[in-house]
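> coordinates for the following, if possible.
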Amino acid sequence: MTGTALPIAQSPLAEARAGLDRCVHCGFCLPACPTYLALDDENDSPRGRLLLMGALLEGSISPDDATIGRHFDQCLGCRGCESACPSGVPYGELIEATRATLATHRPLPFVARFILSVFAELWLLRPVLAAARVVRASGLARLVARVLPARMGMPFAMLASTARRVAPGYDPATVRLASTDDTHHMDVHRGRAALLTGCVMESLFTDVNRATERTLAVNGWQLCEAGDQVCCGALHAHAGDPETARTLARTNIAAFEQSGADVIVMNSAGCGAMCREYGHLLADDPAWAARANRFGAKVRDVSELLAEAGPRQPASVPGRATTTVTYDAPCHLQHAQRITAPPLRVLAALPSTTLVPLTDSDQCCGSAGIFNLVRPEVAERVLDPKLARIAESGATVVATGNPGCLMQIGGGLVLAGSSVVARHPVELLDMAYARAARAD
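Now for the predicted structure:
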């Protein structure tokens with residue numbers, strides 16, 4: 001593991017060293033780290049990786065050491081350690097800086113490079129996701145998932161889990177609410193909101209995007225569009241390609257500036273965390289730093305906006321059976337954005353619903369962007385206890401607010417033959433509003 005002095009004095013990791021120096025190696029991060037729990041290796045814990053980062057800077061290990069690189073590659077970037085850390089170590093920034101530093105010495109795996117290149121270019125991304133929708137609609141994804149060995153079938157199971165029965169739309173103004181005080185709810189104008197439609201969200205979770213728009217309208221928000229928006233850049237930043245992430249960020253900032261929106265709405269936890277941090281990403285760009293900070297200040301998760309409005313509770317439909325729902329907190333919502341109560345308030349507004357707790361809901365599911373495609377063996381070991389806790393909850397629906405989590409958990413449920421389904425909280429609220437709008 002020893003090597004010559006590292007030529008990384010001006011590297012992203014060197015620039016982030018102040019955050020590294022905050023670590024006092026107390027070990028509070030260990031039980032919060034899914035890879036440490038799954039692999040039982042100190043090098044695959046936040047504390048262990050921070051020590052390895054220090055060794056890289058000191059020159060005692062080489063950046064092209066494959067063994068050391070594997071420990072950084074196996075980090076999910078869930079940032080659960082940040083919530084547990086008493087010293088405020090900015091681990092998310094440090095792991096991204098480390099990966100950006102190592103990327104100049106060792107290329108990313110082919111699968112990772114291919115996926116990132118596709119998401120960086122709309123002319124590549126659109127046909128790929130269109131093909132995925134065709135495979136899903138044909139039923140081939142679910143069939144192949146059941147035939148192939150579990151690890152090979154997981155990507156197809158994930159795709160199959162995104163299928164939705166398209167519910168008829170409704171006019172938000174026709175929704176009957178539980179409180180008569182809300183009779184004139186459509187007269188409320190809370191401001192102008194523009195949705196980051198996203199890559200996977202708009203392509204594979206189209207119904208969730210439309211549900212987001214309708215529920216915001218019911219709760220008094222005026223929707224406006226932000227044309228020419230692109231991928232948020234989270235996948236690239238997490239993988240060690242900050243330059244592509246910056247290019248995408250600039251495009252999004254310009255697009256949403258033109259929209260005139262008061263708030264920029266996210267229904268993807270990973271995208272929300274990334275967009276809030278555009279100011280950090282572009283801090284060294286004089287032309288964009290201030291604009292990036294203004295953009296980040298406008299970013300809000302959809303659950304925050306709905307919770308501020310109540311959310312308005314749809315009227316109950318007589319005779320409807322009670323549904324049991326549990327909530328799994330997306331890592332980048334809970335740990336990166338520190339948003340915990342709003343999604344639960346959204347779920348609490350659902351009529352004919354029993355909300356049950358999920359043990360270890362703060363633990364990662366193993367999705368982590370493209371991690372489950374690049375490191376499927378580790379992702380599987382992280383997911384297994386999550387599926388066990390969901391089964392123990394007795395819920396028929398598990399709600400979570402991130403497309404990667406929906407696909408990872410949903411795919412695992414498909415492979416397990418479970419009848420439990422994974423749904424976005426805003427989907428469930430939208431369905432309740434739709435039933436209330438159709439009720440006589």
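> so where's the stretch 151-300 of the chain uncertain?
180-187 (pLDDT under 70).
> which residue ranges form the strands in it?
191-195, 221-224, 263-266, 299-301 (DSSP state E, counting those that start in this stretch).
> among those, which is nearest Leu282?
strand 299-301 (14.2 Å; CB to CB). For glycine as for every other residue, the C-beta is placed from the backbone atoms N, C-alpha and C.
> Val421 contacts Thr396, correct?
Yes. Using CB atoms under 8 Å, Val421 is in contact with Thr396, at 7.4 Å.
> if I pick Thr162, what's in contact with it?
Contacts for Thr162 were tallied using CB atoms under 8 Å, 6 or more residues apart in numbering; they are 136, 204-205, 406-407, 410.
> rerun at 6 Å
Counting by CB atoms under 6 Å, 6 or more residues apart in numbering, Thr162 makes contact with Leu204.
> do the same with Arg151
Contacts of Arg151 (CB under 6 Å, 6+ apart): Pro376.
> go again using 7 Å as the cut-off
Residues counted as contacts of Arg151 (CB atoms under 7 Å, 6 or more residues apart in numbering) are 376, 380.
> Glu15 now?
Ala97.
> likewise Arg136?
Arg136 neighbours (CB under 7 Å, 6+ apart): 159-160, 162-163.
> in helices only, show me those.
Judged by DSSP state H, helices contain the following of the contacts of Arg136: 159-160.
> just the buried members of the contacts of Arg136?
Among the contacts of Arg136, the ones that count as buried by 16 or more other CB atoms under 10 Å are 159-160, 162-163.
> thinking again about what came up before, okay if I get the contacts of Arg136 as CSV plus distance to Ala120?
Converted to CSV, the contacts of Arg136 look like this (distance: CB to CB, whole Å):
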residue, distance to Ala120
Leu159, 21
Ala160, 26
Thr162, 22
Ala163, 27
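> just the contacts of Arg136 now: which is nearest Arg192?
So of those, ranked by how close each gets to Arg192 (CB to CB), first place is Thr162, at 29.6 Å.
> quick check on that closest one: phi, psi?
phi -80, psi -10 (degrees, to the nearest 10).
> among the buried ones among the contacts of Arg136, which one sits closest to Leu248?
Thr162 (22.9 Å).
> from Pro127, how far off is the closest one?
17 Å (CB to CB, to the nearest Å).
> from Gly394, how far out is the closest residue to Glu213 other than its chain neighbours?
Nearest non-adjacent residue to Glu213, counting by CB to CB, 6 or more residues apart in numbering: Leu223, 5.4 Å away. Here Leu223 is placed at a distance of 37 Å from Gly394 (CB to CB).
> higher neighbour count, the two?
Set Leu223 next to Gly394 and count neighbours by other CB atoms under 10 Å: Leu223 wins out with 15 against 11.
> would you agree the more buried one is in contact with Arg190?
No. Under the criterion of CB atoms under 7 Å, Leu223 makes no contact with Arg190, lying 11.3 Å away.
> joint contacts of the two?
Here Leu223 and Arg190 share no contacting residue, scored by CB under 7 Å, 6+ apart.
> dump stretch 330-340 to PDB, restricted to CA.
Extracted C-alpha coordinates of stretch 330-340, given in PDB (Å, rounded to 0.1, in the frame of the first residue of the first chain):
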ATOM      1  CA  PRO A 330     -34.400   8.500   1.200                       C
ATOM      2  CA  CYS A 331     -30.800   9.200   2.400                       C
ATOM      3  CA  HIS A 332     -30.400  12.400   0.400                       C
ATOM      4  CA  LEU A 333     -33.700  13.700   1.900                       C
ATOM      5  CA  GLN A 334     -33.000  12.800   5.500                       C
ATOM      6  CA  HIS A 335     -29.200  13.100   5.800                       C
ATOM      7  CA  ALA A 336     -28.200  15.500   3.000                       C
ATOM      8  CA  GLN A 337     -31.200  17.900   3.100                       C
ATOM      9  CA  ARG A 338     -32.200  17.200   6.700                       C
ATOM     10  CA  ILE A 339     -35.900  16.900   5.800                       C
ATOM     11  CA  THR A 340     -37.700  14.400   8.000                       C
END
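> and Arg312, how many neighbours?
21.
> thought Cys200 was touching Leu406?
Quick fix: residue 200 is Val, not Cys. No. Between Val200 and Leu406 there is no contact under CB under 7 Å: 9.3 Å.
> higher neighbour count, the two?
Leu406 (31 against 22).
> and the gap between the more buried one and Leu129?
15 Å.
> same thing with Val166?
In terms of CB to CB, Val166 sits 18 Å off from Leu129.
> who has more neighbours out of these two?
Higher neighbour count among Val166 and Leu129: Leu129, with 17 against 9, using other CB under 10 Å.
> identify the residues contacting that one.
203-204.
> what mean pLDDT does the helix or strand encompassing it have?
Element membership for Leu129 (DSSP states H and E) is helix 122-138. Across helix 122-138, the average pLDDT comes to 93.
> how far does it sit from its chain's centre?
Relative to the chain's own centre, helix 122-138 is displaced by 20 Å; criterion: CA atoms, centre = their mean, to the nearest Å.
> ok, now stretch 161-172?
On CA atoms, centre = their mean, the centre of stretch 161-172 falls 21 Å from the chain's centre.
> what residues sit buried inside that stretch?
For stretch 161-172, using 16+ other CB under 10 Å, the buried residues are 161-164, 170, 172.
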